[in-house]
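>>> Need the 3D shape of this:
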Amino acid sequence: MINSYYTVKEEGQDEIIIQKSRFIGYVRRVETEKEAQDFIQEIKKKHHDATHNCSAYMIGENDQIQKANDDGEPSGTAGVPILEVLKKQGLKDTAIVVTRYFGGIKLGAGGLIRAYGSTTSQAIKTTGIVRRQLMQGLSIKVDYTSLGKLENELRNSEYILETINYLDIVEFIVYVKKGKEQLFQDWMIELTSGQAEIEETDNKYIEIEVESTSDEG
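Here you go, the predicted model:
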């Protein structure tokens, strides 16, 4: 598992009109090639009357699955520009479909490349981007006398305080970036004068919203 990566929020769309052609960009987070293909077929079915439903996706920790489809547009003018936006923005596990309704004015190869790149960028920006950060869960159990101080310190720290369980003693469930566990534990020991009981729990990705760039592919 990689420590952090960028991807899109679950799903979104946007559209632009270029020289009377309507371009609709659909975005979805996918984790397998089958999910990507199902998404593409879903949009093709929805827009069965469209001139083109062009697509691209990039999946895997090392972007090992990459596909682009021009769906009848001149070779290299649609699918590849969509894929290039994904690469440029460094987005993993992302599938895009750009639906085009031809408006009667030919755009030429350069115009098509710009149109599909722009639509993709706009749809991604509208959908939103997140950074998925792999974090280590930790359970910190302390006496109630430490509750106020510890809660305040945690809420004002870089660490993510997910839950407080009010049991016989207080349990804080906190998530810490991978690699910073020891630093966190040392801090906890110092804050509680060694009175905290600390145990590792689970690993999981926490999503942090980030600003999308608007660069075209």
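
>>> show me what contacts Ser21?
The contact partners of Ser21, taken as CB atoms under 8 Å, 6 or more residues apart in numbering, are Arg100, Tyr101, Phe102, Gly103, Ile105, Leu107, Ala115. All C-beta spots, glycine's among them, are computed from the backbone N, C-alpha and C.

>>> tell me the pLDDT at it?
On pLDDT, Ser21 comes in at 97.

>>> What are the phi and psi values at it?
phi -90, psi 140 (degrees, to the nearest 10).

>>> picking up where we left off before, between the contacts of Ser21, which has the most around it?
Arg100 (25 neighbours; other CB atoms under 10 Å).

>>> Assign it to helix, strand or coil.
Counting by DSSP: H, G, I helix; E, B strand; the rest coil, the backbone at Arg100 sits in strand.

>>> Please name the nearest non-neighbouring residue to it.
His52 (4.5 Å; CB to CB, 6 or more residues apart in numbering).

>>> what do you get for Glu158?
Using CB to CB, 6+ apart, the nearest residue to Glu158 is Lys177, at 8.0 Å.

>>> can you list the contacts of Ser21 in a markdown table and add distance to Leu147?
Shown next, in a markdown table, are the contacts of Ser21 (distance: CB to CB, whole Å):
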| residue | distance to Leu147 |
| --- | --- |
| Arg100 | 59 |
| Tyr101 | 60 |
| Phe102 | 65 |
| Gly103 | 64 |
| Ile105 | 67 |
| Leu107 | 64 |
| Ala115 | 58 |
